[in-house]
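J.: Need coordinates for the following:
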Amino acid sequence: MNNPVVIDYYSDILCVWAWIAQRRIDELNAKLSSKVEIRYHYMDVFGDACNKIPNQWQEKGGFLGFAQHVQNAASPYPDAHIHPQIWHSVQPRSSANPHLVLKAVELAFGAKTSINLALIFRQAFFVEGKDISQLAVLFSLIKQADHDIEAINKAIDDGSAMAALMADYQQAKIQALKGSPTYIIDNGRQVLYGNVGYRVLLANIEEQLKNPVGEASWC
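T.: Model prediction:
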């Protein structure tokens with residue numbers, strides 16, 4: 001049996017394009033099942049959102065201009081609901097806290113639990129308008145999902161969660177990733193980023209699945 005195609009998936013949890021991409025990820029998992037393995041990583045796009053947004057959008061309305069941009073970006077996608085107060089009254093200061101907590105969850109309970117909680121965090125922000133940069137909000141969501149807080153705190157307290165997060169951030173820089181989300185397919189044979197359509201993703205993955213093991217490259 002052939003090994004699954006590995007996709008290293010890098011995103012920032014506050015990125016609207018990653019929120020839009022969530023439906024495509026779900027569909028890929030449903031369609032390809034064991035033929036694809038998606039490994040989730042985080043990258044620093046909104047690590048300093050409280051300064052980045054007003055500075056980069058200074059001439060476009062600051063937070064309000066960025067909020068409108070996010071609404072416009074998601075408007076063609078009915079499954080990517082956006083709460084009206086995102087980046088208006090709800091202005092997360094940083095994506096680093098949710099990334100850190102998700103790495104702690106991964107260390108404590110495994111990748112699948114972390115992936116599931118990442119979706120819960122994204123829904124809390126984009127759908128419910130909660131400020132997921134606040135640890136109190138994150139741990140409230142974790143408690144609602146019935147996970148042990150003590151095990152997560154241990155991974156944060158001993159530095160292992162931070163080390164795992166820094167490894168993701170540094171690897172994203174080493175690979176000079178251009179945006180969130182980024183899909184690195186089969187150890188870099190294909191790199192796609194941004195608002196990549198589902199059919200484009202599927203075509204690239206299926207092409208990798210067709211290639212026999214050890215087939216020589218045409219390059």
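
J.: residues near Ile7, how many?
T.: 23 (other Cβ atoms under 10 Å). All C-beta atoms are positioned from the backbone trio N, CA, C, and that covers glycine.

J.: can you pull the pLDDT of it?
T.: Ile7 is assigned a pLDDT of 94 by the prediction.

J.: Spit out the contact partners of it.
T.: 36-39, 183-185, 205 (Cβ atoms under 8 Å, 6 or more residues apart in numbering).

J.: which of those count as buried?
T.: Using 16 or more other Cβ atoms under 10 Å as the burial test, the contacts of Ile7 include 36, 38, 183-185, 205 as buried.

J.: how about the residues you listed in CSV, adding distance to Gln170?
T.: Converted to CSV, the buried ones among the contacts of Ile7 look like this (distance: Cβ to Cβ, whole Å):
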residue, distance to Gln170
Val36, 25
Ile38, 21
Tyr183, 19
Ile184, 15
Ile185, 21
Ile205, 26
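
J.: which stretches of this protein have low pLDDT?
T.: 1, 211-219 (pLDDT under 70).

J.: quick one on the thing from earlier: any idea which of the contacts of Ile7 is closest to Glu59?
T.: Tyr183 (31.8 Å; Cβ to Cβ).

J.: Which helix or strand contains the residue nearest to the closest one when sequence neighbours are not counted?
T.: If the residues on either side of it in the chain are set aside, Tyr183 comes closest to Leu192, at 4.6 Å by Cβ to Cβ, 6 or more residues apart in numbering. According to DSSP states H and E, Leu192 maps onto strand 190-193.

J.: what does Glu37 give?
T.: strand 36-42.

J.: ditto for Asp8
T.: Using DSSP H and E, Asp8 falls in strand 5-11.

J.: Can I get that strand in PDB? Just the C-alpha atoms.
T.: Coordinates of each C-alpha in strand 5-11 appear next as PDB, following Å, rounded to 0.1, in the frame of the first residue of the first chain:
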ATOM      1  CA  VAL A   5       0.700  12.200   0.500                       C
ATOM      2  CA  VAL A   6       1.900  14.400   3.300                       C
ATOM      3  CA  ILE A   7       0.700  18.100   3.400                       C
ATOM      4  CA  ASP A   8       2.400  20.400   5.900                       C
ATOM      5  CA  TYR A   9      -0.200  23.000   6.400                       C
ATOM      6  CA  TYR A  10       0.900  26.400   7.800                       C
ATOM      7  CA  SER A  11      -1.600  29.000   8.900                       C
END
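
J.: That strand: which residues count as buried?
T.: Judged by neighbour count (16+ other Cβ under 10 Å), strand 5-11 contains these buried residues: 5, 7-11.

J.: And stretch 90-103, by the same measure?
T.: 90-92, 94-103.

J.: and the end-to-end length of that stretch?
T.: 24 Å (Cα to Cα, to the nearest Å).

J.: that older thread, just curious, which of the contacts of Ile7 is nearest to Glu128?
T.: Ile38 (24.9 Å).

J.: do you know how far the closest residue to the closest one other than its chain neighbours is from Phe46?
T.: Computed as Cβ to Cβ, 6+ apart, the closest residue to Ile38 that is not its neighbour in sequence is Ile7, at 4.8 Å. Distance of Ile7 to Phe46, computed by Cβ to Cβ, to the nearest Å: 22 Å.
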